[in-house]
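Enquirer: below are the sequence and a predicted model; questions follow.
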Amino acid sequence: MAKGAKERWLEKNYASIKVSVRQNIALAFKETCRERRQSQASVLKDAMINYVDAEIPPQENKTKKTSDKNDSRRKRKKNICDIVSQLEQVLEAEERYCDGIPDNFVNRREVSEETIERLSEAISSLTEAY
């Protein structure tokens, strides 16, 4: 029977320990773990570390893959396109806000126009980059 990827990974990264204890001890241990919302494995692991009474060197983790959203040019371009899309929505909202500012609020209009200009420059720069 073929082993699945998870089973192979577990065999490669973990060691099994079989322990036999009296049923009343096992039942009490399981119940206590359930009440404290702790996994049995984590409780046993902590007990083993304390028993060894030594600093356990960290295990090298060569098998763990991290997903980098920017590991290819295609992904970076997509992320920039998403950001540009959001900035365009913000720009449109700012333009609507600016159009609705009464003429007597000169300072608000100037600030809004400056914001519109900077957003337009940012969109242009990001679009040119990718």
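Expert: Noted; the coordinates are in hand.

Enquirer: ok, Lys77 - contacts?
Expert: Contact analysis of Lys77 by C-beta atoms under 8 Å, 6 or more residues apart in numbering lists Tyr130. Placement of C-beta: from N, CA and C, glycine included.

Enquirer: and the pLDDT at it?
Expert: The score at Lys77 is 89. That number is its pLDDT.

Enquirer: and Asp68, what element?
Expert: Per DSSP states H and E, Asp68 falls between elements, in no helix or strand.

Enquirer: burial count for it?
Expert: When neighbours are counted by other C-beta atoms under 10 Å, Asp68 registers 8.

Enquirer: from Lys18, how far out is Trp9?
Expert: Applying C-beta to C-beta, to the nearest Å, the value for Trp9 to Lys18 is 20 Å.

Enquirer: so for those two, which sits in the more crowded spot?
Expert: A count of neighbours by other C-beta under 10 Å puts Trp9 above the other of Trp9 and Lys18, at 13 against 4.

Enquirer: would you mind measuring from the more buried one to Lys77?
Expert: 33 Å.

Enquirer: try Glu94
Expert: Between Glu94 and Lys77 the computed distance is 25 Å (C-beta to C-beta).

Enquirer: please parse this protein into its domains.
Expert: Domain ranges of the chain: 5-52, 73-129, per automatic domain parsing.

Enquirer: looking at those domains, which is closest to Pro58?
Expert: Pro58 lies closest to domain 5-52 among the domains of the chain, at 12.5 Å (C-beta to C-beta).

Enquirer: mind checking the end-to-end distance for the closest one?
Expert: Taking C-alpha to C-alpha, to the nearest Å, domain 5-52 runs 31 Å from one end to the other.

Enquirer: how far off centre is that domain?
Expert: Relative to the mean C-alpha coordinate of its chain, domain 5-52 is positioned 28 Å out (C-alpha atoms, centre = their mean, to the nearest Å).

Enquirer: and the average pLDDT for that domain is what?
Expert: Mean pLDDT, computed over domain 5-52, is 91.

Enquirer: begin at 224, not 1, for the rest of this chat.
Expert: Okay, using 224 as the starting number, the last item reads as domain 228-275.

Enquirer: which residues touch the strand or helix carrying Glu254?
Expert: Assigned by DSSP H and E, Glu254 falls within helix 246-259. Helix 246-259 has contacts (C-beta under 8 Å, 6+ apart) with Val244, Ser262, Gln263, Val266.
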